[in-house]
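**Student:** here's my sequence, what's the structure:
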Amino acid sequence: STPLGPGAVAGSRTVQVSGSGFDDVAAAIVHWQRPTPPGTIQQSTEVVELFGDLRGRVLYHVTSVVDLANGTLVNTGNQVFSGTIAGSQPVMLHDDQFRFEVNLVSGSERGRVLLADHIAGPKVRCALDVVGTGPNPDGNPTFSYSGECTFRGE
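**Tutor:** The predicted structure follows:
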């Protein structure tokens, strides 16, 4: 038998994951929006489609803060992923720690996702890095993601 590394749980299995997706901003439901001295703040509900090792959808309840003075957009809030991970049984996972940052001047987008709160399906936790890859033909933001998912107690 192989010794477990630091913090590993007996029966856990970690897999490297990667893929792509898009944020369907064209179908976003904007709940409210208001001006702020440097820009705007709004809260909306959006759907994100994921392809690759994570295959499914994310329901994304997002607060977007636009700071025109600094040329930034920051998204935070809550999201729930429903789908499969590396061919797993269907799972539902919640994340309230994600943060996406957009440089409005250069267009670069980066984010971090921590799908850590188990709702249904196999017990799994995913930490992902997300990088924007520009708009698709419909004008929706696209991205690539990579990271790792740990299945616990298998």
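
**Student:** where in the chain is pLDDT low?
**Tutor:** Filtered on pLDDT under 70, the chain yields the residue ranges 1-10, 154.

**Student:** and the residue nearest the centre of it, how far is that from Pro37?
**Tutor:** By CA atoms, centre = their mean, the chain has its centre lying nearest to Val113, at 4.7 Å. Using CB to CB, to the nearest Å, Val113 is found at 30 Å from Pro37. Just so you know, the C-beta spots here come from the backbone N, C-alpha and C atoms, and that holds for glycine as well.

**Student:** re earlier: what's across from the residue nearest to the centre of the chain in the sheet?
**Tutor:** Leu128 (DSSP bridges).

**Student:** same thing with Gly83?
**Tutor:** Beta-bridge partners of Gly83, as defined by DSSP bridges: Gly56, Val91.

**Student:** that one reaches Phe51, doesn't it?
**Tutor:** No. At 9.9 Å, Gly83 does not count as touching Phe51 under the criterion of CB atoms under 8 Å.

**Student:** neighbour-wise, which of the two wins?
**Tutor:** Gly83 (18 against 13; other CB atoms under 10 Å).

**Student:** list the contacts of the more buried one.
**Tutor:** 50, 54-57, 90-91 (CB atoms under 8 Å, 6 or more residues apart in numbering).

**Student:** closest to Trp32 out of those?
**Tutor:** Among these, Arg57 lies closest to Trp32 (CB to CB), at 23.7 Å.

**Student:** mind listing the helices for this structure?
**Tutor:** Using DSSP state H, the chain contains no helices.

**Student:** residue boundaries of the strands in this structure?
**Tutor:** Taking DSSP state E to define them, one finds strands in the chain at 13-23, 29-36, 39-52, 54-67, 72-85, 91-95, 99-103, 109-115, 117-120, 124-135, 141-151.
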